[in-house]
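*Asks:* Below are the sequence and a predicted model for it; my questions follow.
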2 protein chains.
Amino acid sequence: MENGTGQSQATRQSHDSAQPSNSEAAGSVWLRPRQVTPRQAAPLSRERIAAEAVAVLDSDGTQRLTMRRLAERLGTGATTLYWHVDTKDDVLDLALDEIFGEVPLPAPLASDGWREPLSAFLHQWRTVLLQHPWSAPLLGTRPLMGPNALARSEFLHATLLAAGVPQPHLAAAAYALSNYVIGSVATRAAWHARGDESAIRRAAQNHLQAHHASYPVQAEHVTMADGDWDASFTHGLNYFLDGLHARASPQ
Amino acid sequence: MENGTGQSQATRQSHDSAQPSNSEAAGSVWLRPRQVTPRQAAPLSRERIAAEAVAVLDSDGTQRLTMRRLAERLGTGATTLYWHVDTKDDVLDLALDEIFGEVPLPAPLASDGWREPLSAFLHQWRTVLLQHPWSAPLLGTRPLMGPNALARSEFLHATLLAAGVPQPHLAAAAYALSNYVIGSVATRAAWHARGDESAIRRAAQNHLQAHHASYPVQAEHVTMADGDWDASFTHGLNYFLDGLHARASPQ
DNA sequence: CTATTACTAGAACGTTGGTCTAGTAATCGC
DNA sequence: GCGATTACTAGACCAACGTTCTAGTAATAG
């Protein structure tokens, strides 16, 4: 099984070479030099830890990812992990960036049609995150600064720039799109987090109906049928891209 | 100190009366009957627990909210909490809905201008969530089904309905707006979660510059100066509302 | 006056993230 | 070659956590 999902062979990055001793070792794994001068196919490495952490998270969820379990699955002692990693939070950082690497990066696009490639990219991003539902809660926990996350962000910026979004609004547009994806994933994954999703959805539906005096509009119009999530995401994204298109200097 | 923040007196709801024995007690606190038949000003209650949990979270953060600490601040034993609440997760559910109650609900709006009130509402929602930065990671963890959350959701739906959003797209539009807010809050709060925000931001800025070969666009155009967050949120929201406006049947 | 209900709480269990200390095997300077 | 250093591993241990078990108390009901 080892790394459950189908795993597209998307481009990955993992630079963290040298990096002139940024001695204000601020928070994140990505900004710290790593403890490695690969001598001879080290049996344990950040890469193996990251990959196995993703596998554990996929199959057992956040709660059951413990340093001991992770170490056991890697065939090593629990304390050994702390040589490669400072805290459990580091492991989560690594795991999160690992899955960002699964989002395929289209080639830098031709300027004629930016909308479809952009839309496709955002859909794929969302899909990958939903394939690893544990990622959603983590997104609000740490800045996304891993190499894979930054590469995706770079693509987003470059695409919007090519699409004619004026420079003063570039960051805001990228930020907005990415926030829309993240929010959608969070909302969607929230229903998955608590055990049996359809049972909860039924209960929630009942709840709305039972209090339809308080929630008339929702009781009448909101039906969280199963396919709705994807269509709603697309629909909302289109509102957004419409607005973006209208204000981007057409080129 | 008791409940740190300024606390606007927004409308609050807390119905969970009777509720015909929904014996498939699915996941959430909100769908279960509570353990209370108020006899005589019970010294401990869900309300007091929720309020104090918010206070602890505000001042000390998620990590340091423990059942023992919470109980101590309530002047009671740790185990006592478990009479009122099933798990710590329940406490978080209660705390989260508690702060949703801080978002002021405008009066059902006149049909002439829906855009400003809607925009103001979403801004306020975001502001409240950012005032309690611990809320962001929780949003991707559980469906929002507390009475206060549902009331806000109801307002959103009602507003969009009044704005002329056609019924088949109503849920999608509401979903999209709410996801945009949630995503923005998550991204924003992520930087706040790890200790010193400005230090991390500087380090990240350096990181981008140091690898400007990999991230040319971001290195050149992205500056996460301090005020940018608010303006970016507004800007992105306007893209969205533009698109929405264009497709909503004008009325 | 007894039974029941609403609620409180100490002690304890298993598990967790993390540290301390001690070790081993390979490489490097000489 | 050889001692010192570096890269890495790991057992024992710690404080703290969420939660359960069991035992209680105070008030109401009959």
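*Replies:* Right, received. Where do you want to start?
*Asks:* Apart from its chain neighbours, what residue comes closest to A:Asn150?
*Replies:* You called it Asn, but residue A:150 is Leu. Residue nearest to A:Leu150 in three dimensions, not counting chain neighbours: B:Tyr215, with 5.9 Å by Cβ to Cβ, 6 or more residues apart in numbering or on different chains. The C-beta positions use only the backbone N, C-alpha and C, and glycine is treated the same way.
*Asks:* my guess is the one you found meets B:Leu208, correct?
*Replies:* Yes - the pair B:Tyr215 / B:Leu208 is scored as a contact, 5.6 Å apart, by Cβ atoms under 8 Å.
*Asks:* which residues do these two both contact?
*Replies:* Jointly contacting B:Tyr215 and B:Leu208 under the rule Cβ atoms under 8 Å, 6 or more residues apart in numbering or on different chains are A:Leu150.
*Asks:* picking up where we left off before, what is the neighbour count of the residue nearest to A:Leu150?
*Replies:* 21 (other Cβ atoms under 10 Å in any protein chain shown).
*Asks:* pLDDT wise, what is it at?
*Replies:* Looking at B:Tyr215, its pLDDT stands at 95.
*Asks:* Which element is encountered next along the chain beyond the worst-scoring helix or strand of chain A on mean pLDDT?
*Replies:* The helix or strand of chain A with the lowest confidence, counting by mean pLDDT, DSSP states H and E, is helix A:197-210 at a mean of 90. Tracing the chain past helix A:197-210, the next element assigned as helix or strand by DSSP states H and E is helix A:216-221.
*Asks:* okay, the angle between the next helix or strand after that following helix and helix B:228-247?
*Replies:* The C-terminal neighbour of helix A:216-221 among helices and strands, as given by DSSP H and E, is helix A:228-247. Our comparison of helix A:228-247 with helix B:228-247, counting by axes from the mean of the first three to the mean of the last three Cα atoms, to 10 degrees, yields an angle of 100 degrees.
*Asks:* And chain B, is helix A:228-247 touching that?
*Replies:* Yes - contact of helix A:228-247 with chain B is found when judged by Cβ under 8 Å from any Cβ of the partner chain, involving A:228, A:231-233, A:235-244, A:246-247.
*Asks:* Let me know the closest of these to DNA strand C.
*Replies:* Here the nearest of the residues of helix A:228-247 next to chain B to DNA strand C, counting by Cβ to the nearest atom of the strand, is A:Phe233; it sits at 32.4 Å.
*Asks:* Pretty sure the closest one sits against A:Ser184.
*Replies:* Yes - at 5.2 Å, A:Phe233 counts as touching A:Ser184 under the criterion of Cβ under 8 Å.
*Asks:* Mutual contacts of these two, please.
*Replies:* A:Arg126, B:Ala176.
*Asks:* Now the phi/psi pair for the nearest residue to A:Val185 once chain neighbours are set aside, please.
*Replies:* Taking Cβ to Cβ, 6+ apart as the measure, A:Val185 lies nearest to A:Leu129, with 4.4 Å between them; neighbours along the chain are not counted. Backbone torsions of A:Leu129, given as degrees, to the nearest 10, read phi -60, psi -40.
*Asks:* Next: the one 3 residues further on.
*Replies:* Its backbone dihedrals place A:His132 at phi -130, psi 80, with angles given as degrees, to the nearest 10.
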